[in-house]
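Enquirer: Task: produce atomic coordinates for the following.
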Amino acid sequence: MLRPAMERREDALSLAMKGNVAGVMIERNPGVMAIYTVRTWSTFADPAGRPLIDIGTKPTHVSWWRGGRPATYAEVAESINTGVPLLLEACGGVDDRTALDANVRRALALARRTTHDHTA
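Expert: Okay, the predicted model is just below:
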């Protein structure tokens, strides 16, 4: 995340490997990244049987970064809020809007607690 405004570039290798990944990728530069540390984790299979990692909802530490510096809450919130429509599109909509809204609120609350500026 040294260049948060950089556009995503693809080459022959990345295009060739697109079908060989687990889960669903949102093809964008989110502008921020989280370092999310946990004590335990587990694996589970996506619908195609490929392995994904469940890191849970109880991190021991979280830090957010943008451009080589700690990210602000506003930067993290913007990334989460602009990513949700892309996630919905990638998943083909959502059957349970209440669960999605709860997950977005939980992500924003985590960001508020773990960013350095703690502003809303």
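Enquirer: can you give me the strands for this structure?
Expert: All strands of the chain, identified by DSSP state E, fall at 33-37, 42-45, 51-54, 61-66, 69-70.
Enquirer: So which of the ones you listed is the most surrounded?
Expert: Ranked by mean neighbour count under mean count of other C-beta atoms under 10 Å, the strands of the chain are led by strand 61-66, which reaches a mean of 16. Quick note: C-beta positions are derived from backbone N, CA and C, even for glycine.
Enquirer: Can you spell out which helices and strands pack onto that strand?
Expert: strand 33-37, helix 73-90, helix 97-114 (3 or more C-beta pairs under 8 Å, 6 or more residues apart in numbering; DSSP states H and E).
Enquirer: circling back: can you check which of the strands of the chain gets nearest to Ala107?
Expert: strand 33-37 (9.6 Å; C-beta to C-beta).
Enquirer: Who are the packing partners of the closest one?
Expert: Using 3+ C-beta pairs under 8 Å, 6+ apart as the contact test, the elements touching strand 33-37 are strand 61-66.
Enquirer: quick one: contacts of the strand it packs on?
Expert: Applying C-beta atoms under 8 Å, 6 or more residues apart in numbering, the external contacts of strand 61-66 come out as 1, 4, 31-37, 70-72, 75-76, 110-111, 114-115.
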